[in-house]
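Peer 1: need coordinates for the following:
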Amino acid sequence: MTAYEQQKIASCISSIDGLITAESKKLDALKAHKKGLMQDLFPREGETVPRLRFPEFRDAGEWEKKKLKDACDINPGGQDLPEKFIYIDLGSVESGTLTARKIINLSDAPSRAQRFLRYGDIIYQIVRPYQRNNFIFKIKDGISYVASTGYAQLRAYESNDFLYHAVHTDNFVAKVIEKCTGSNYPAINSSDLAEISIVIPGKDEQQKIAACLSSIDDLITAQARKVDALKAHKKGLMQQLFPVPDTITG
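Peer 2: Presented below is the predicted three-dimensional model:
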């Protein structure tokens, strides 16, 4: 490879690295924006009114404090598992995204496959909950989905979308961690999770907050895909520019 070729390749790779850095910063900014907004849209510890409210709810009064079990049905059950389904274990979800899908037969399913999901259900990670790898199930592909008992299944009585964001607040996660047992794999059981307190506004305000935060989640997802696509492009280009020599056997 000539010096000229080396220079051109280095310039090309550097330009892609620059794009990756720039788009990654945009992604970080979106995540920081959402985090700050959640701190203002949800009441802080010991409070029942958030610091930021939409204009139409500024005179709506205090939020209601209740236990999680009074805001949602936890591990509803009551339905037999189908013969085939996609199994969601603790490694299948990352940052609110289902990253792995594999259809398995009921006869081959692990004993932990018990949470039959209905549209809108939330699965909340009860093993190492500080990772916040939770998921709101909104898939309509004609396939059944079953989650591991490593998750608690939450079905809100009013707004699943609001509850999904509420259980991601720093206050709620801190309360969960306080009740966890175990050192290497801290976990909370569903009974203790059910007793954790949460503050909730009226249904209309729940939906307004959920719509706002979900729209930001959509932007974060789109930006993350853009970053991933750039990284994949760089990887493919590197493989073309610097192919691995065939292994010689004999």
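Peer 1: next, give phi and psi for K84.
Peer 2: With angles defined as degrees, to the nearest 10, K84 sits at phi -140, psi 140.
Peer 1: residue contacts, the residue lying closest to R51 once chain neighbours are set aside?
Peer 2: Beyond its immediate neighbours in the sequence, the residue positioned closest to R51 (Cβ to Cβ, 6 or more residues apart in numbering) is D40, lying 4.9 Å away. Glycine gets a C-beta too; all of them are placed from N, C-alpha and C. D40 is in contact with 50-52, counting by Cβ atoms under 8 Å, 6 or more residues apart in numbering.
Peer 1: please, which helix or strand holds D40?
Peer 2: When secondary structure is defined using DSSP states H and E, the element that contains D40 is helix 3-41.
Peer 1: now do K66
Peer 2: Secondary structure (DSSP H and E) places K66 in strand 64-67.
Peer 1: packing partners of that strand?
Peer 2: Packing partners of strand 64-67 (3 or more Cβ pairs under 8 Å, 6 or more residues apart in numbering; DSSP states H and E): strand 197-200.
Peer 1: list the buried residues of the strand it packs on.
Peer 2: For strand 197-200, burial by neighbour count (16 or more other Cβ atoms under 10 Å) applies to 198-200.
Peer 1: same deal with stretch 34-48?
Peer 2: So, applying 16+ other Cβ under 10 Å, buried residues of stretch 34-48: 34, 38, 41-43.
Peer 1: relative to A71, which of the residues you listed is nearest.
Peer 2: For A71, the nearest member of the buried residues of stretch 34-48 is F42. The distance, counting by Cβ to Cβ, is 13.6 Å.
Peer 1: could you pull up the residues touching the nearest residue to F85 once chain neighbours are set aside?
Peer 2: Among residues not flanking F85 along the chain, S144 sits closest, at 4.0 Å (Cβ to Cβ, 6+ apart). Remark: with contacts taken as Cβ under 8 Å, 6+ apart, S144 is in contact with 81-82, 84-86, 116-117.
Peer 1: which one of those residues is nearest P186?
Peer 2: Ranked by distance to P186 (Cβ to Cβ), the contacts of S144 are led by L117 at 24.8 Å.
Peer 1: the residue nearest the centre of the chain and S148, how far apart?
Peer 2: Averaging the C-alpha coordinates of the chain gives a centre point, and the residue nearest to it by Cα atoms, centre = their mean is G96 (1.6 Å). In this structure, G96 and S148 are 17 Å apart, going by Cβ to Cβ, to the nearest Å.
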